[in-house]
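*Asks:* What follows is a predicted protein model with its sequence.
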Amino acid sequence: MPGVVIVNTSRVTGLDATDPFQLSKAEMIGRRQCGQIFAFLRRHAVGFEKAVRMDSAPKIGVRESRHVMGLYTLTADDLFHARPFEDAIALGGYPIDIHSPDGAQTDSTHFPPDSIYQIPSRSLLVAEPTNLVVVGRCISATHEAAAAFRVTPIAMAIGQAGGVLAAEAVLGAVAPSQLPFGQVKKRLLAQGARLP
Ligand SMILES: Cc1cc2nc3c(=O)[nH]c(=O)nc-3n(C[C@H](O)[C@H](O)[C@H](O)COP(=O)(O)OP(=O)(O)OC[C@H]3O[C@@H](n4cnc5c(N)ncnc54)[C@H](O)[C@@H]3O)c2cc1C
């Protein structure tokens, strides 16, 4: 929309998002930062003298907290070597992008040009309970691997695959891990998924 600017600048580090008290504290710090950034822009940025603050996020965004321990734990090494998986359900190319907990910097580690990594369905599944499918950021992966696949397009592809795994398991009355993977892949490809 002309005249509307989105500012993606605040940063809250060093707090544990699994602790509700620390999460509340992070929320308060984030809101305070939004006010400070807005005041700074009005005072110093050309064109912002009469700016009005329209909105801020309904709640603080968390890059990472817990992961499940799944049937396969995806690692940075898998991503670096674009390791092929027979049960690949999503692809990615986003680099390892670690927002340093000390707040000092963002460490980005890029993969070779045109490198495409794979995410196996086993990282969405756990040994117990057998009827659980996990999607998005909290799949089974190391911190470094998660710093790459956590971005929205890849999280969406993982979510789509999780939905297909769950639906096929219900239709076949089996646990998701017992599904013939060809059946899952066929359904994903029919839905337009990009797979190896
Ligand atoms: C500050 C920040 C900036 C980012 N910038 C970018 C960026 O520029 N580009 C990019 O690609 N990615 C970016 N990301 C990463 C990306 O947005 C997230 O990693 C991604 O959205 C994660 O998807 P998800 O499915 O795991 O979780 P979410 O998108 O958080 O989805 C989880 C959903 O579950 C819902 N939910 C939670 N509990 C319940 C419940 N009990 N019952 C029902 N529903 C529930 C939530 O409301 C939410 O809608 C950013 C993340 C952060 C925190």
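*Replies:* Good, I have the coordinates.
*Asks:* May I ask you to confirm that residue 98 belongs to a strand?
*Replies:* Yes. Under DSSP: H, G, I helix; E, B strand; the rest coil, residue 98 falls within a strand.
*Asks:* beta partners for it?
*Replies:* Note on residue 98: beta-bridge partners residue 107, judged by DSSP bridges.
*Asks:* How much space separates it from the ligand?
*Replies:* Distance, residue 98 to the ligand, by C-beta to the nearest ligand atom, to the nearest Å: 13 Å. Where C-beta positions appear, they are placed from N, C-alpha and C, glycine not excepted.
*Asks:* That residue: how many residues sit nearby?
*Replies:* Using other C-beta atoms under 10 Å, residue 98 has 18 neighbouring residues.
*Asks:* my guess is it contacts residue 148, does it?
*Replies:* No. Using C-beta atoms under 8 Å, residue 98 makes no contact with residue 148, being 9.3 Å away.
*Asks:* Run through the residues that contact residue 79.
*Replies:* For residue 79, the contact set (C-beta atoms under 8 Å, 6 or more residues apart in numbering) comprises 92, 96, 111, 117, 145, 148-149.
*Asks:* for the nearest residue to it once chain neighbours are set aside, which residues make a bridge with it?
*Replies:* Counting by C-beta to C-beta, 6 or more residues apart in numbering, residue 117 is the residue found nearest to residue 79 once chain neighbours are left out, at 4.2 Å. For residue 117, the beta-bridge partners under DSSP bridges are residue 92.
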